[in-house]
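In: Kindly return the folded structure for what I paste below:
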Amino acid sequence: MIKKVATMAVASTALSGLANRVSAHENVMEDKLKGKINHSVCAWCYPIPLDDLCKAAKKIGITSIDLVNPQDFDILKKNDLTCAMVASNGKEWGITRGFNNPDYHDKLEAYFKDYIDATAKAGFKNLICFSGNRNGLDAQQGIENCAKGLRRLLGYAEKKKVTLVMELLNSKVDHHDYQCDHTTWGVELCKTLGSENFKLLYDIYHMQIMEGDVIRTIRDNHQYIAHYHTGGVPGRHEIDDSQELFYPAIMRAIYDTGFKGYVAQEFIPSQPDKLASLDKAVHLCDI
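Out: Numbering: from 1, shown residues only. Here you go, the predicted model:
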């Protein structure tokens, strides 16, 4: 009897401890966020059905899923989520083939008009685009070519209330030869176009690799930035203390510029519980 009582007491304590840990995790997942940062997450980083990601995101307090194609907009709508950055890279067009090549301009115009229509119809605002690879093109000619191609779309985008947003990517590690790989190049393209319907996606991971000085760059160029992506450097994994960036300070700098758009988590989780990593990252950025 004594042994039974002792065994039952140990089991009860263990179950109680487990229940507390589960409850604590659920409470973290459902903590109300502060509202200074609008949170999104990139769908491609999570190898689970989009509907499952939507449900998990809502529990965390995320209100957007990034880089979703129009055929999946209904899944976002069903879960009462927006798409802060619509994907545009299909089978034919992607990162390496973009607006810096005039040979593509006719086809890109038709392609992007369809995507602008779909984005506007869904009530979303931002559509991603890319410069393309250099392939021997110098910086100034790349800007001129991109401006020429994008001007064919900007009037249409303005009527539809859609902003074309070119992503800044690193050409050192992940996207060799990509042209829009420095903030100065992207800002010069923005100035050349002079349109509120063309801005930049400042990917913090990519720009830390290419140029560093993240906070100063954000402060100096925030008027040209429509959207932000995160990622741990090096490796593009969790944005915790295993990497070199301090995201709370970066988020404060973004908030202090008056930014009203979205910050999307775009790291590739390395931990077994990928959604727990996402939860931690959002709360880390919730300044």
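In: can you give me the helices in the stretch 151-287 of the chain?
Out: Taking DSSP state H, counting those that start in this stretch as the test, the helices found in the stretch 151-287 of the chain are 183-193, 204-210, 214-221, 247-256, 274-285.
In: between the ones you listed, which one is nearest to residue 230?
Out: Closest of the helices of the stretch 151-287 of the chain to residue 230 is helix 204-210, at 5.6 Å (criterion: Cβ to Cβ). (C-beta placed from N, C-alpha, C; glycine too.)
In: Tell me which of the helices of the stretch 151-287 of the chain is the most buried.
Out: Burial of the helices of the stretch 151-287 of the chain is given as mean neighbour count (mean count of other Cβ atoms under 10 Å); helix 204-210 ranks first at a mean of 23.
In: elements contacting that one?
Out: Here helix 204-210 touches helix 214-221, strand 225-229, going by 3 or more Cβ pairs under 8 Å, 6 or more residues apart in numbering; DSSP states H and E.
In: Poorly predicted segments of the protein, please.
Out: Scanning the chain for pLDDT under 70 picks out 1-31, 90-91.
In: if we go to 50?
Out: For the chain, applying pLDDT under 50 flags the ranges 1-29.
In: quick one: secondary structure of the nearest residue to residue 70 once chain neighbours are set aside?
Out: Excluding its sequence neighbours, the residue lying closest to residue 70 (Cβ to Cβ, 6 or more residues apart in numbering) is residue 118, at 3.8 Å. At residue 118 the chain is in helix, as set by DSSP: H, G, I helix; E, B strand; the rest coil.
In: what's around residue 118, how many residues?
Out: When neighbours are counted by other Cβ atoms under 10 Å, residue 118 registers 18.
In: coming back round to it: dump the helices and strands packed on helix 204-210 into CSV; add distance to residue 141 as well.
Out: CSV is the format used below for these (distance: least, Cβ to Cβ, whole Å):
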stretch, distance to residue 141
helix 214-221, 22
strand 225-229, 24
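In: Among the ones you listed, which comes closest to residue 175?
Out: Judging those by Cβ to Cβ, what sits closest to residue 175 is strand 225-229, at 13.4 Å.
In: Taking their axis directions, that closest one and helix 183-193 sit at what angle?
Out: Interaxial angle of strand 225-229 relative to helix 183-193 (axes from the mean of the first three to the mean of the last three Cα atoms, to 10 degrees): 150 degrees.
In: Paired strands for strand 225-229, with orientation please.
Out: Strand 225-229 pairs in its sheet with strand 198-203 (parallel), strand 262-265 (parallel), by DSSP bridges.
In: which outside residues touch that strand?
Out: Under the criterion Cβ atoms under 8 Å, 6 or more residues apart in numbering, residues 42, 66, 84-85, 126, 163, 165, 167, 199-206, 218, 254, 259, 261-266 lie in contact with strand 225-229.
In: one step back: just so I know, which of the helices and strands packed on helix 204-210 lies nearest residue 112?
Out: Closest approach to residue 112 among these (Cβ to Cβ): strand 225-229, 16.1 Å.
In: Run the chain-centre distance for that closest one.
Out: Distance, stretch centre to chain centre, for strand 225-229: 7 Å (Cα atoms, centre = their mean, to the nearest Å).
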